[in-house]
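Student: fold the stuff below for me.
(chains A and B)
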There are 2 protein chains.
Amino acid sequence: MAGNTSQPGATVLSRTMQILACFSEEKPRLGLREISALSGLPVSTAHRMLKELRVQGLLDCDDGDKRYSIGTRLWEIGELSDVSLRLRETALPYMLELYEAAGENVHLAVLSGVEALYVARLIGHRSVPTVSRMGGRLPLHTTGVGKVLLAFQPDDFVDVYLGDALARPTAYSVIFAPKLRAEIEQTRRSGFALTSQEMTLGNVSIAVPITDSGDRVFAAISLVLHTARADVRRFVPLLRRAAAGISESLAGHATEWD
Amino acid sequence: MAGNTSQPGATVLSRTMQILACFSEEKPRLGLREISALSGLPVSTAHRMLKELRVQGLLDCDDGDKRYSIGTRLWEIGELSDVSLRLRETALPYMLELYEAAGENVHLAVLSGVEALYVARLIGHRSVPTVSRMGGRLPLHTTGVGKVLLAFQPDDFVDVYLGDALARPTAYSVIFAPKLRAEIEQTRRSGFALTSQEMTLGNVSIAVPITDSGDRVFAAISLVLHTARADVRRFVPLLRRAAAGISESLAGHATEWD
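Tutor: Predicted coordinates for the structure are as follows:
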């Protein structure tokens, strides 16, 4: 509570994070009582915090229905993070070129914890629908970008990951550890990863790594397309050209990025 | 200071915002002493706050040079805001279509205070360089999207804006109020705005409004291109088609957006 004067910052900030963590893609707008219930904070505490979070612009509030959403100001500050200001802004022209050449969904993701965090996405009206979104997270073992990010981690990371219970979004998702391990070895050798209907029925993804100046794989780029159009021989070279362009362009900022 | 126990939340959160506001496109990475100097907070206070902001993921810190940057987690939360999750995600396929048809920079912005806030941008390697970026702000009277957003505000907003001292990024920027007022009237009649080298030398922008279900203009979309290629008769219809698509698509979520 607020009475913890030895660490007043910790208390208020951790409560702030509890409130911000209530919002999700499925529930981007919440009322006071929902926030209280989801955060576990008493209504009076939540009310006081929400008022202040709104004043600071971290939350916006609709004056009509009194529901809160993540603030435009918070988004604006977030745009100064490394993943957006540097990685995404550097990658976008290469992603556009790839989109124009391939005419399919282009995804860019980084490893965050044990998930793929989607940093950018180009989707047209001709593209197949996908479940990804900018700022969204998906499992490593069921997505093309995820398999690449997983494959290029050290063996102990892979061992721990494969030892956990693995999500199975579709009947085609591979969760049998020896099979995944073989796919990881294959990706390490070939330099690309494939998924076939492992995240979304009907979709295939083809992904390649993006390296930093120390040849460390820190991001991955993919094309997500209908199974009927999954031409690996055509798309892998296009993906590699985009990945090389992004890596080289980022290397120009090597002292900044690393 | 932390001793203000009557409003501990206000104090810690306002200090948090002071620290977050130190970061900018020009200075996305800062050390402790810079943050202390820029925020006006004592080094000891800044140090304690930075430690906690890092624990919560609002800031990241490079273990090598000990410099801080806006956290990936903060960016991820920001992606749940209305401007990104709903406006930008809805607009992107229409922006891509426009980019493919026109082959030029596509910008999407909303009014934020008295500035244009850039919500999305598609730029290819063939496109002319611009000073905009996602999450960046530019003046209303020197940008295409800005002129549209200004023109469709009520007269008293326009009067106050024109009464202020106006920035002049180039020698072509219009800052003479009667001339700007005439351009605003022209934009209200024609439904599009033009700028010619008013933000960046050599660039022209052509912009049209995006309306919500109540016909209120809340966003604008533009093409930014080289003066030599500024074909208004060709590009205005393409822009209008994209704007109509975005407006209609958002109207499907009318109860959510308004």
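
Student: contacts only, for residue A:103.
Tutor: Residues in contact with residue A:103 (C-beta atoms under 8 Å, 6 or more residues apart in numbering or on different chains) are A:124, A:126-127. (Glycine included, C-beta is placed from N, CA and C.)

Student: would you map the strands across the stretch 101-250 of chain A?
Tutor: A:105-112, A:115-122, A:137-139, A:193-196, A:203-211, A:217-226 (DSSP state E, counting those that start in this stretch).

Student: strand partners of the first one, parallel vs antiparallel please.
Tutor: It refers to strand A:105-112. strand A:115-122 (antiparallel), strand A:217-226 (antiparallel) (DSSP bridges).

Student: out of the ones you listed, which gets nearest to residue A:52?
Tutor: Of all the strands paired with strand A:105-112, it is strand A:115-122 that lies closest to residue A:52, at 28.6 Å by C-beta to C-beta.

Student: now the angle from the closest one to strand A:203-211?
Tutor: Inter-element angle recorded for strand A:115-122 and strand A:203-211: 100 degrees (by axes from the mean of the first three to the mean of the last three C-alpha atoms, to 10 degrees).

Student: for stretch A:104-121, what is the distance to the chain centroid?
Tutor: On the basis of C-alpha atoms, centre = their mean, to the nearest Å, stretch A:104-121 sits 4 Å off its chain's mean C-alpha point.

Student: same question for stretch A:58-67.
Tutor: 27 Å.

Student: mind putting the strands of the stretch 101-250 of chain A in CSV, mean pLDDT included?
Tutor: CSV is the format used below for the strands of the stretch 101-250 of chain A (pLDDT from 0 to 100):
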stretch, mean pLDDT
strand A:105-112, 97
strand A:115-122, 96
strand A:137-139, 96
strand A:193-196, 96
strand A:203-211, 97
strand A:217-226, 96
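
Student: next, format these as a markdown table and append mean neighbour count.
Tutor: Compiled in a markdown table, these are given as follows (neighbours: other C-beta atoms under 10 Å in any protein chain shown):
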| stretch | mean neighbour count |
| --- | --- |
| strand A:105-112 | 24 |
| strand A:115-122 | 24 |
| strand A:137-139 | 20 |
| strand A:193-196 | 22 |
| strand A:203-211 | 26 |
| strand A:217-226 | 24 |
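
Student: so which of the ones you listed gets nearest residue B:233?
Tutor: strand A:115-122 (28.5 Å).

Student: before we move on, the earlier item: quick one: which of the strands of the stretch 101-250 of chain A is nearest residue A:19?
Tutor: Here strand A:137-139 is closest among the strands of the stretch 101-250 of chain A (C-beta to C-beta), at 19.9 Å.

Student: what helices and strands are in contact with the closest one?
Tutor: Packed against strand A:137-139 by the contact rule (3 or more C-beta pairs under 8 Å, 6 or more residues apart in numbering or on different chains; DSSP states H and E) you find strand A:115-122.

Student: ok, 10 Å please
Tutor: Helices and strands touching strand A:137-139, by 3 or more C-beta pairs under 10 Å, 6 or more residues apart in numbering or on different chains; DSSP states H and E, are strand A:105-112, strand A:115-122, helix A:144-151.

Student: where does residue A:47 sit, in terms of helix or strand?
Tutor: helix A:43-55 (DSSP states H and E).

Student: for residue A:75, same thing?
Tutor: Assessed by DSSP H and E, residue A:75 sits inside helix A:72-78.

Student: on that earlier part again, same list, the contacts of residue A:103, but as TSV with pLDDT please.
Tutor: Output for the contacts of residue A:103, formatted as TSV (pLDDT from 0 to 100):
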residue	pLDDT
A:124	85
A:126	80
A:127	83
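
Student: of the residues you listed, just say which sits nearest to chain B.
Tutor: residue A:124 (4.6 Å; C-beta to the nearest C-beta).

Student: neighbours around the nearest residue to the closest one once chain neighbours are set aside, how many?
Tutor: Nearest residue to residue A:124, sequence neighbours excluded (C-beta to C-beta, 6 or more residues apart in numbering or on different chains): residue B:96, at 4.6 Å. Residue B:96 has 22 neighbours, counted by other C-beta atoms under 10 Å in any protein chain shown.

Student: residue B:96: what secondary structure?
Tutor: helix (DSSP: H, G, I helix; E, B strand; the rest coil).

Student: right, and it touches residue A:92 too?
Tutor: No: using C-beta atoms under 10 Å, residue B:96 makes no contact with residue A:92, being 11.6 Å away.

Student: hey, C-alpha coordinates of stretch A:119-130 in CSV?
Tutor: Presented in CSV, the C-alpha positions along stretch A:119-130 are these (Å, rounded to 0.1, in the frame of the first residue of the first chain):
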residue,chain,number,x,y,z
VAL,A,119,7.7,-6.0,-34.3
ALA,A,120,6.3,-5.3,-37.8
ARG,A,121,3.9,-6.8,-40.2
LEU,A,122,2.8,-5.9,-43.8
ILE,A,123,-0.5,-7.4,-44.8
GLY,A,124,-2.5,-6.5,-47.9
HIS,A,125,-6.0,-7.3,-48.8
ARG,A,126,-4.7,-10.1,-51.1
SER,A,127,-2.8,-11.7,-48.2
VAL,A,128,-4.0,-14.7,-46.2
PRO,A,129,-5.3,-13.8,-42.7
THR,A,130,-2.9,-14.5,-39.9
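
Student: in chain A, which helix is the longest?
Tutor: Across chain A, the helix with the greatest residue count (assigned by DSSP state H) is helix A:232-251.

Student: looking at the strands paired with strand A:105-112, which is nearest to residue B:57?
Tutor: strand A:115-122 (12.1 Å).

Student: tell me, how many residues neighbour the residue nearest to residue A:249 when sequence neighbours are not counted?
Tutor: Nearest non-adjacent residue to residue A:249, counting by C-beta to C-beta, 6+ apart: residue A:90, 5.0 Å away. Here the count is done by other C-beta under 10 Å, and residue A:90 has 19 residues near it.

Student: and residue A:90, helix, strand or coil?
Tutor: helix.

Student: for residue A:192, give its distance to chain B.
Tutor: 24 Å (C-beta to the nearest C-beta, to the nearest Å).

Student: name the helix or strand for residue A:38, please.
Tutor: Judged by DSSP H and E, residue A:38 forms part of helix A:32-39.

Student: ok, back up a step: shared neighbours of residue B:96 and residue A:92, which are they?
Tutor: Contact with both residue B:96 and residue A:92 is made by residues A:122, B:122, according to C-beta atoms under 10 Å, 6 or more residues apart in numbering or on different chains.

Student: my guess is residue A:90 contacts residue A:221. True?
Tutor: No: with contact defined as C-beta under 10 Å, residue A:90 does not reach residue A:221; the gap is 11.9 Å.

Student: who touches both of these two?
Tutor: What both residue A:90 and residue A:221 touch, as defined by C-beta under 10 Å, 6+ apart, is the set residue A:246.

Student: just to revisit the earlier point, in CSV: the helices and strands packed on strand A:137-139, plus distance to residue B:192.
Tutor: Below are those laid out as CSV (distance: least, C-beta to C-beta, whole Å):
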stretch, distance to residue B:192
strand A:105-112, 30
strand A:115-122, 26
helix A:144-151, 39
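
Student: tell me which of these sits nearest to residue B:187.
Tutor: Using C-beta to C-beta, the nearest of the helices and strands packed on strand A:137-139 to residue B:187 is strand A:115-122, at 30.4 Å.
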